[in-house]
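**Student:** based on what follows, work out the 3D shape:
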Amino acid sequence: MKIIKKSIPLLIFILLFTTLPARARPRERNSTRALREAAVARALAWLHTQQQPNGAIGGLGGSCDMARVVALAGDDPDGPSWTPEQTSLLQRCKLDLPDYLARNDTGRLAKVLRAAQAANQNPHNFGGYDLLARLQAQYDPQTGLYAANNLFRNSLALIALNEAQQPVPAQAIAAVLAEQHDDGCWGWPVGGTVSDTDTSGLMLNALAGAGYGDAPQVNQCIARLMAMQNDDGGWELSGIYGDTESNVDSTALVMQGLIAAGWDPEGPRLTQTQNATQALLSFQAQDGAFWWRQGQAGSLLLGTQQAIQPLMMVYPNEIEKPWQLYQPVVQTRVMVIVD
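**Tutor:** Numbering: from 1, shown residues only. Next comes the predicted model:
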């Protein structure tokens, strides 16, 4: 047996760079994370002013939503800063569960599970509920859906399972892919024909989290959402509904889906007169809250909660690239074994 050594030039940098999808290529742009975190800190300061003495923020179930975004922002919703008297924000969420979950609503259940996961709580015993078991019990193997008539809530269920690192049945993925509309995206009702940006953003988030971020159906919806981006860099719910002005909720939900699928919200493909992140930040008022629309308060709590989530996500350009991507052309020796 002989060992032959050959010198073979490997164009590591060139090959790896040119075979990557455009959205994943290294960028020279500096991260805007510090700017985004500052905006989130202002939003959290405003949320503090909205907390009631009993620990609640907003109406029934709102404390669970807020506990989640507080935890995503790196704060402790069960800590002293979120405990105005005897009850913390997270404790209020748990206390509200009997009334909040009484309707057996899949979307509500998924939101609570996401809050428990974000706050590093036991999803099998959160406020006395086994959230994972309850959510899995919502699944209908005949239809592949967790919410029989509502794709928005069904998407929330899939996202909650992804975040809990639970397997999503293949039939559940097939079911939502079958609901895709001719324009490439999804809408609120099961069996509907009209797409909306909110449901589509959630669906992209759900499919990407389940490992289908590069599926053709996902790319079709991304192309559609890019075409629907307004000149100000944001999104409206859907022009079909007579809504043509960007709002914070739709912009935030679309951004979450695009980022989850690997797209840079500050990249050239998502930049009009300004990029998507700039559009989202433009909704923030001086007091730290996020308007629904420019100068229109709408639901400030909902808008602020929605805006915090994409601002705290890791953008594609902030993901550390493999070491080899930054190396020049190298010479290497390959050993060829000959019998």
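
**Student:** pLDDT score assigned to N230?
**Tutor:** N230 carries a pLDDT score of 96 in this model.

**Student:** so how far is Q296 from it?
**Tutor:** 15 Å (C-beta to C-beta, to the nearest Å). No exception for glycine: its C-beta is placed from N, CA and C like everyone else's.

**Student:** out of these two, which sits in the more crowded spot?
**Tutor:** N230 (17 against 12; other C-beta atoms under 10 Å).

**Student:** right, and A110 touches I159 too?
**Tutor:** Yes. With contact defined as C-beta atoms under 8 Å, A110 and I159 form a contacting pair (7.0 Å).

**Student:** spatially central residue in this protein, please.
**Tutor:** Closest to where the C-alpha atoms of the chain average out (C-alpha atoms, centre = their mean) is Q256, at 3.5 Å.

**Student:** mean confidence for the helix or strand it falls within?
**Tutor:** Using DSSP states H and E, Q256 falls within helix 248-260. Mean per-residue pLDDT for helix 248-260: 97.

**Student:** and the closest residue to L72 other than its chain neighbours, how many neighbours?
**Tutor:** Leaving aside its sequence neighbours, L72 sits nearest to M312 (C-beta to C-beta, 6 or more residues apart in numbering; 4.9 Å). Residues near M312, counting by other C-beta under 10 Å, number 16.

**Student:** which residues touch M312?
**Tutor:** Neighbouring residues of M312 by C-beta atoms under 8 Å, 6 or more residues apart in numbering: R36, E37, V40, V69, L72, A73.

**Student:** just S250 next, same as before
**Tutor:** S250 is in contact with T197, D198, G201, G234, W235, E236, L237, counting by C-beta under 8 Å, 6+ apart.

**Student:** so the third one makes contact with M255?
**Tutor:** Just to be clear, that refers to G201. Yes. Under the criterion of C-beta under 8 Å, G201 makes contact with M255 at 7.3 Å.

**Student:** immediately after the worst-scoring helix or strand of the chain on mean pLDDT, which helix or strand?
**Tutor:** When the helices and strands of the chain are compared on mean pLDDT, DSSP states H and E, helix 12-19 comes out lowest with a mean of 34. Once helix 12-19 ends, the next helix or strand along the chain (criterion: DSSP H and E) is helix 33-50.

**Student:** quick one on the thing from earlier: what's the ChimeraX syntax to select whichever of the contacts of S250 are buried?
**Tutor:** Typed into ChimeraX, the line below selects the buried ones among the contacts of S250, using 16 or more other C-beta atoms under 10 Å:
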select :197,198,201,234,235,236,237
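
**Student:** so can I have TSV of the contacts of S250 showing secondary structure?
**Tutor:** Putting the contacts of S250 into TSV (DSSP: H, G, I helix; E, B strand; the rest coil) gives the following:
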residue	secondary structure
T197	helix
D198	helix
G201	helix
G234	coil
W235	coil
E236	coil
L237	coil
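
**Student:** related to what we said a few turns ago, what is in contact with A110 and I159 at once?
**Tutor:** Overlap of the contact sets of A110 and I159 (by C-beta under 8 Å, 6+ apart) is empty.

**Student:** okay, A223: pLDDT?
**Tutor:** Looking at A223, its pLDDT reads 97.

**Student:** hang on, the earlier thing: looking at pLDDT only, which of the contacts of S250 scores worst?
**Tutor:** Looking at the contacts of S250, model confidence by pLDDT dips furthest at L237: 91.

**Student:** no more questions from me, cheers.
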